[in-house]
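Asker: missing the sequence, but the structure's below:
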RNA sequence: CGGGGAGUAGCGCAGCUUGGUUAGCGCGCAUGCUUUGGGAGCAUGAGGCCGCGGGUUCGAAUCCCGCCUCCCCGACCA
């Protein structure tokens, strides 16, 4: 790479934040001249930005190469047929950029490439001996986001690495998936990111069928939970509630029905029982709240009503419930549904009306045998106390529907949970045969019979990764690039009106000969303050200053991350910088 | 789609309430002189469809009507 000279570099740093920039990565990438907005959610990458983007891509290429993946480049403009073949032309909805050619035929700007990759493999490969194969590309993707935001973090055009694995059996798919998972860990570690891997789905679908890589930052769009006592991390939807040990029902007090007028809420109910002189105090966690929903399996026209029991101190988290019941649709009951099921007394629904009427009743995992509850007595203004699970009612199973809270015990038994935010930078997914079925991609097996190929898809948001790195690696002065991502290894700054700039250029050339990537500030007539401030904003890891000490043969070596600075001799400068670069 | 805010020079903004010089300030840019270790000083200068369309008026950046766009929060989406 030639020496980058600030005197001619296409770069103008901004003294002020652009009015629309809110998050640190957006502000700093704009001020540092890395990107410029062209349209909502669409950005130009200026020279320094392009270098950074390429550095991220280079790391990805190396690690993809290590797992045997082969890079290709596919069209970004595709006729609708490809997406119609899999139903995504309609499924994708408004997020798909659509356009017509001069003949009126429908086209899309590609959002992902499952279809074309599958089609290509079908055209070239036909024997089990050809598999497995992993193909990928790094290119622009298009999604007409309802609300692009935060600069390149969520754009309508963005750079993505997408790879696809093709295997002839499930074991092969699992291997391809595991290889990607390992490659992703290496990639994000090399990029200097602090990240977690979370299961993207609930247990029902199988824990490893899909995982997200989240870069932890306060500005992230995705909420996840982690543990204070271990490295456990998961999407809220995937958190399993640890069940307390089941107890004996022997000797527990009899269930008693109480008239409880004017107790429409859990709070009023608890107050009522605490005022009833029963010799103990109750909390909302002693009550069992029964929420009624209806579910519909895909392809079915009929809704099934079911009851969901959760401790009264918790709300039903519809996202968690939906994930638990996936792929069924879930809705709350409306008035008409209550009218159709008169045995459901709104506000006073208890387990037994549900069970007696053969409706499915599932409960929170905390509701185990031997636990006693205050819950609805299935008639207006009445609740039942000491209704014991396993004695007075037996649920049809458990469900992860209750909300997850800070302080809840971690599912792995170590520590408690707290919520964190992250940016989704990678997603690995065992697709299975959705696309190979659509295109009838078969391989002839050893037994001479065709076998349907199974797929995985694996994405990394390359441009988003750049922003995620900035989110994690910056201070109040600017970016602090990890070396592998930085647009240069060293920023040589010449200050003064003497020979400093000439010397800076000479040192820059020598460093370049040694394989060091160099940005040199050779601007004339720019004051030292401006140059230092720009260097800090741009965030190159090592800074070498050729300034006022030059006449005595002294230069200054600064480390952007630590802020440490050291005087060094002119003669040793090249060696010192080279070794600083080599040390990372 | 719901809520909030904003469109004035490359960037950041004031002016609008109460219509009236030639539309202004800072940064940046150009030229000259001075300055050179933490966003320099002086002087001169270039740069504007005041988002678009219509209306009111002798006169509109400013008032009225309509439209468009953008930003932020949420919903949706991955």
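Answerer: Sure, I can see it. Remember, predicted model here, so these are calculated numbers, not experimental data.

Asker: Spell out which parts of the stretch 451-584 of chain A neighbour RNA strand B.
Answerer: Taking C-beta under 7 Å from any atom of the strand as the criterion, the stretch 451-584 of chain A approaches RNA strand B at residues A:477, A:495-497, A:525-530, A:532-534, A:536-537, A:545, A:547-549, A:556. Where you see a C-beta, it was placed from the backbone N, CA and C, and this is true even at glycine.

Asker: Narrow those to just the buried residues.
Answerer: A:495-496, A:528, A:532, A:534, A:536-537, A:545, A:547, A:549, A:556 (16 or more other C-beta atoms under 10 Å).

Asker: hang on, the earlier thing: sitting in helices, which of the residues of the stretch 451-584 of chain A next to RNA strand B do you find?
Answerer: In helices, judged by DSSP state H, the following of those are found: A:528-530, A:532-534, A:536-537.

Asker: nearest to residue A:105, of those residues?
Answerer: Set against residue A:105, the nearest of those by C-beta to C-beta is residue A:537 (47.7 Å).

Asker: could I get the buried ones among the residues of the stretch 451-584 of chain A next to RNA strand B as CSV with pLDDT?
Answerer: Formatted as CSV, these follow (pLDDT from 0 to 100):
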residue, pLDDT
A:495, 90
A:496, 84
A:528, 92
A:532, 94
A:534, 93
A:536, 94
A:537, 93
A:545, 94
A:547, 90
A:549, 88
A:556, 93
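
Asker: just curious, which of those is nearest to RNA strand B?
Answerer: Of all these, RNA strand B sits closest to residue A:547, with 2.2 Å by C-beta to the nearest atom of the strand.

Asker: count of neighbours near residue A:241?
Answerer: 20 (other C-beta atoms under 10 Å).

Asker: Quick one: residues contacting the residue nearest to it when sequence neighbours are not counted.
Answerer: In this structure, residue A:241 finds its nearest non-sequential neighbour in residue A:365, 4.4 Å apart by C-beta to C-beta, 6 or more residues apart in numbering. Shown in contact with residue A:365 (C-beta atoms under 8 Å, 6 or more residues apart in numbering): A:240-243, A:398, A:400.

Asker: ditto for residue A:287
Answerer: Contacts for residue A:287 (C-beta under 8 Å, 6+ apart) come out as A:266, A:269-270, A:311-313, A:373-375.

Asker: got any ranges where chain A has weak pLDDT?
Answerer: By pLDDT under 70, the weakly predicted segments of chain A are A:200-208, A:264, A:298-299, A:327.

Asker: Out of the contacts of residue A:287, which are close to RNA strand B?
Answerer: Checked against RNA strand B using C-beta under 7 Å from any atom of the strand, the contacts of residue A:287 give no members in range.

Asker: from the residues you listed, which ones fall inside strands?
Answerer: Using DSSP state E, the subset of those located in strands is A:311, A:373-375.

Asker: For residue A:329, state which of these is nearest.
Answerer: The closest of the ones in strands among the contacts of residue A:287, once distances to residue A:329 are taken by C-beta to C-beta, is residue A:311, at 25.5 Å.

Asker: Now do the closest one: how many residues are near it, please.
Answerer: Residues near residue A:311, counting by other C-beta under 10 Å, number 20.

Asker: any idea what sits nearest it, other than its immediate chain neighbours?
Answerer: Excluding its sequence neighbours, the residue lying closest to residue A:311 (C-beta to C-beta, 6+ apart) is residue A:285, at 5.1 Å.

Asker: Report the contact partners of that neighbour.
Answerer: Shown in contact with residue A:285 (C-beta under 8 Å, 6+ apart): A:311-313.

Asker: quick revisit: nearest to RNA strand B among the contacts of residue A:287?
Answerer: Distance to RNA strand B across these (C-beta to the nearest atom of the strand) is lowest for residue A:313, with 22.1 Å.

Asker: Could you look up the SS state of residue A:61?
Answerer: The three-state label given to residue A:61 by DSSP: H, G, I helix; E, B strand; the rest coil is helix.

Asker: Confirm that residue A:336 sits in a strand.
Answerer: No: assessed with three-state DSSP, residue A:336 is helix; it does not lie in a strand.

Asker: okay, now the residue of the stretch 151-300 of chain A found nearest RNA strand B: neighbour count?
Answerer: Closest residue of the stretch 151-300 of chain A to RNA strand B, C-beta to the nearest atom of the strand: residue A:222 (5.2 Å). Using other C-beta under 10 Å, residue A:222 has 15 neighbouring residues.

Asker: quick one, longest strand in chain A?
Answerer: From DSSP E, the single longest strand across chain A is strand A:417-432.

Asker: buried stuff in the helix or strand following that one?
Answerer: Per DSSP states H and E, strand A:417-432 leads on to helix A:434-438 as the next helix or strand towards the C-terminus. Residues of helix A:434-438 classed as buried under the neighbour-count rule (16+ other C-beta under 10 Å) are A:435-436, A:438.

Asker: Stretch A:259-272 now?
Answerer: Across stretch A:259-272, burial judged by 16+ other C-beta under 10 Å covers A:260, A:263, A:266, A:269-270, A:272.

Asker: Stretch A:68-76 now?
Answerer: Under the neighbour-count criterion of 16+ other C-beta under 10 Å, stretch A:68-76 has A:69, A:76 buried.

Asker: Can you tell me the closest non-neighbouring residue to residue A:333?
Answerer: residue A:292 (4.5 Å).

Asker: does the one you found count as helix, strand or coil?
Answerer: Three-state call for residue A:292 (three-state DSSP): strand.

Asker: Look up how far residue A:31 lies from residue A:522.
Answerer: 21 Å (C-beta to C-beta, to the nearest Å).

Asker: pretty sure residue A:363 is touching residue A:395, no?
Answerer: Yes: between residue A:363 and residue A:395 there is a contact under C-beta atoms under 8 Å: 4.4 Å.
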